[in-house]
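> the sequence and its predicted three-dimensional model are supplied below.
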Amino acid sequence: MLLVLPTINGWAMDKGMSPGMLPLGPFDFMPLLSISESHNDNIFYNNLNRKSSLITRIQGGGELALRRKLDRYALHYAFLSSQYHSSPADNYVDHNLGATAHFDITRRNRLDFSSSLIYGHNMRGTIFSQSDIATLPIGTQPIATLLNEPDQYHQYDARANYRYGRTDAQGNLGLQLGWKQLTYDNHPERTAQWDSTQLEITPGFYWRLRPKTYLSAQIQNTFVHYPDSSNSQLKDKLLISSQDYSLRRYLMGVTWDQSSKTKGSIRAGYYQQEYSGAEQQSMSGLTWDGQVQWLPLPYSILSFDFSNTIQPSIGSGISRQLQVYNVSWKHDWPNRITTELYGTYQQVHNQNTAQGIQAAAQSVNSGIAFKFDVKYQMRSWLDIGVNYARSDFEGASNDRNSTQNIFMLYIHAIPLAVAN
């Protein structure tokens, strides 16, 4: 099973959009509206259980922001509604309500804060309903079709990032805090054991080499608690439930933004993962991540990002070594035409260390995906576009293989310009 499944990010504004800003007294309001019609030839992400559908998607929302000198406060809301014309059971409406704030407390003290409440879902055929044949007493039907609706959840997030030291100082100290609570709302007999609370603490030191170039040293500490993990059990020698764990990453890195041509951040180091369960062994190894952006021309952007991390497993396996490599090229052509080409490669190595675990479960899954998008700016407030996306994921067994093709026609509107 691949950790990073093809999902719709309903909360990130499309990279090609530049929402307008509407003054409302001391506030600024930035609206967002997107409508698309697409055809997906494998909505359950499984080659042995293929089903296609036309999908109508509507995304909307906005952000209300207030600036006070160097401080900024904002509230945002977004919804994402998708209607599956050939599979109404997969219809959903997701919601995201959040707040962000930036405080320049003094010249040496800065604080960024963000929080959100998300009502989301896992599409049928992913996460807990992946693979073709159910291994439950209820029979050998495809798992996705046994559900009358997607698995739904709500999630609370809060993050704070504190920096001590002037922006032009030789060195800065930093502290990042993160908290996340995930609770599944339906199908508790299948999902309750994956309700979780996560705490992250990352102290760091940042050394300024030159303007906008820093060396960094960080220790990222993550603690994950599953309230129902006491019910963990081994079935057919495969771990089928979760366990509390802690993960520590020791990272050295460099961040730069030297010119209009290139900017990025690269980190590398060593990780240690420890589980609370006696049957699970500690793990350690190399880890890295990075993002690099290059502008060979003012109207052309090449982006690269990559990561090598350890993650807890869902279903069989205890830990997964996950490697992800992404590349994209966005180019603005004459006559208000923009193209974007995106590709990704993922590899997941299931690492089972429990005593008596089946060697066959120690598998390597991989996947590749790409997307090509063409957009035309009809008006200053209206974009139309088409894109094609294809993904090909290969698991350790045939019932987890998935190829998917999506053709989409979309409209992005900025309501402010209409009002003007």
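Ah, there it is.
> so which bits of the helix or strand hosting residue 56 are buried?
Applying DSSP states H and E as the criterion places residue 56 in strand 53-68. Residues of strand 53-68 classed as buried: 53, 55, 57, 59, 60, 61, 62, 63, 64, 65 (neighbour count, 16 or more other C-beta atoms under 10 Å). Where C-beta positions appear, they are placed from N, C-alpha and C, glycine not excepted.
> what sits against the last one?
I take that to be residue 65. Residue 65 makes contact with 27, 28, 29, 30, 72, 73, 74, 75 under the criterion C-beta atoms under 8 Å, 6 or more residues apart in numbering.
> just the buried members of these?
28, 29, 30, 72, 73, 74.
> got phi/psi on residue 103?
For residue 103, the backbone dihedrals (degrees, to the nearest 10) come out as phi -120, psi 120.
> picking up where we left off before, next step: the contacts of residue 65 restricted to strands.
Applying DSSP state E to the contacts of residue 65, the entries found in strands are 27, 28, 29, 30, 72, 73, 74, 75.
> and the pLDDT for the last one?
Same thing as residue 75. Reading off the confidence values, residue 75 has pLDDT 96.
> that one bridge partners, please.
Note on residue 75: beta-bridge partners by DSSP bridges are residue 64, residue 99.
> in contact with the residue nearest to residue 296 when sequence neighbours are not counted, which residues?
Leaving aside its sequence neighbours, residue 296 sits nearest to residue 302 (C-beta to C-beta, 6 or more residues apart in numbering; 6.9 Å). Applying C-beta under 8 Å, 6+ apart to residue 302 gives the contacts 293, 294, 295, 296, 327, 328, 329.
> now restrict these to buried residues only.
293, 327, 328.
> using CSV, lay out these together with pLDDT, secondary structure and distance to residue 311.
CSV is the format used below for those (pLDDT from 0 to 100; DSSP: H, G, I helix; E, B strand; the rest coil; distance: C-beta to C-beta, whole Å):
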residue, pLDDT, secondary structure, distance to residue 311
293, 95, strand, 26
327, 98, strand, 22
328, 98, strand, 23
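> any weak-confidence spans in the stretch 301-420 of the chain?
Applying pLDDT under 70 to the stretch 301-420 of the chain flags residues 313-318, 352-363, 396-397, 415-420.
> please enumerate the helices of it.
415-419 (DSSP state H, counting those that start in this stretch).
> can you redo the contacts of residue 302 as CSV with distance to residue 216?
Below are the contacts of residue 302 laid out as CSV (distance: C-beta to C-beta, whole Å):
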residue, distance to residue 216
293, 18
294, 21
295, 24
296, 27
327, 24
328, 25
329, 28
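> now, which of these sits nearest residue 204?
residue 293 (22.0 Å; C-beta to C-beta).
> neighbours of the closest residue to the closest one other than its chain neighbours, how many?
In this structure, residue 293 finds its nearest non-sequential neighbour in residue 303, 5.0 Å apart by C-beta to C-beta, 6+ apart. Using other C-beta atoms under 10 Å, residue 303 has 18 neighbouring residues.
> now residue 303: how far from residue 265?
Distance of residue 303 to residue 265, given as C-beta to C-beta, to the nearest Å: 12 Å.
> ditto for residue 208
The value you get for residue 208 to residue 265, if C-beta to C-beta is used, is 15 Å.
> likewise for residue 399?
39 Å.
> what about the spatially closest residue to residue 165 that is not a sequence neighbour, which SS state?
Closest residue in space to residue 165, ignoring its immediate chain neighbours: residue 172 at 3.6 Å, by C-beta to C-beta, 6+ apart. Here residue 172 is recorded as strand under DSSP: H, G, I helix; E, B strand; the rest coil.
> likewise residue 128?
Applying three-state DSSP: residue 128 is helix.
> repeat that for residue 96.
strand.
> hang on, it packs against residue 114?
No. Applying C-beta atoms under 8 Å, one finds residue 96 not in contact with residue 114, separated by 11.9 Å.
> before we move on, back to that, determine the residues that are contacts of both of residue 303 and residue 265.
With C-beta under 8 Å, 6+ apart as the test, residue 303 and residue 265 both reach residue 291.
> how about the contacts made by residue 411?
34, 35, 36, 382, 383, 384.
> out of the residues you listed, who's nearest residue 156?
The closest of the contacts of residue 411, once distances to residue 156 are taken by C-beta to C-beta, is residue 34, at 25.8 Å.
> is the spatially closest residue to residue 351 that is not a sequence neighbour bridged to anything, and to what?
Once flanking residues are discounted, residue 351 sits nearest to residue 319: 4.8 Å by C-beta to C-beta, 6+ apart. Beta-bridge partners of residue 319, counted by DSSP bridges, are residue 312, residue 351.
> from residue 344, how far out is residue 319?
22 Å.
> neighbour-wise, which of those two wins?
The residue with more neighbours, out of residue 319 and residue 344, is residue 319; 23 against 18, by other C-beta under 10 Å.
> now do the more buried one against residue 172, distance only.
If you go by C-beta to C-beta, the gap between residue 319 and residue 172 works out to 34 Å.
> wait, residue 343 touches residue 326, no?
Yes. Contact criterion C-beta under 8 Å: residue 343 and residue 326 qualify, at 7.2 Å.
> so where is the stretch 101-250 of the chain shaky, pLDDT-wise?
Residues of the stretch 101-250 of the chain that meet the cut-off, pLDDT under 70, sit at 131-142, 229-242.
> what residues are up against residue 43?
Here residue 43 is in contact with 51, 52, 53, 55, 84, 87, 90, 123, 124, 125 (C-beta under 8 Å, 6+ apart).
> let's have these in a markdown table, adding distance to residue 389.
Below are the contacts of residue 43 laid out as a markdown table (distance: C-beta to C-beta, whole Å):
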| residue | distance to residue 389 |
| --- | --- |
| 51 | 17 |
| 52 | 14 |
| 53 | 15 |
| 55 | 12 |
| 84 | 17 |
| 87 | 19 |
| 90 | 18 |
| 123 | 15 |
| 124 | 19 |
| 125 | 16 |
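> list just the nearest of those residues to residue 372.
Closest to residue 372, out of all of the contacts of residue 43 and judged by C-beta to C-beta, is residue 55, at 18.7 Å.
> excluding its backbone neighbours, what's nearest residue 338?
residue 375 (4.7 Å).
> and the gap between the one you found and residue 333?
On the measure of C-beta to C-beta, residue 375 and residue 333 end up 10 Å apart.
> between the two, who's got more neighbours?
Applying other C-beta under 10 Å to residue 375 and residue 333 shows that residue 375 carries more neighbours, namely 21 against 12.
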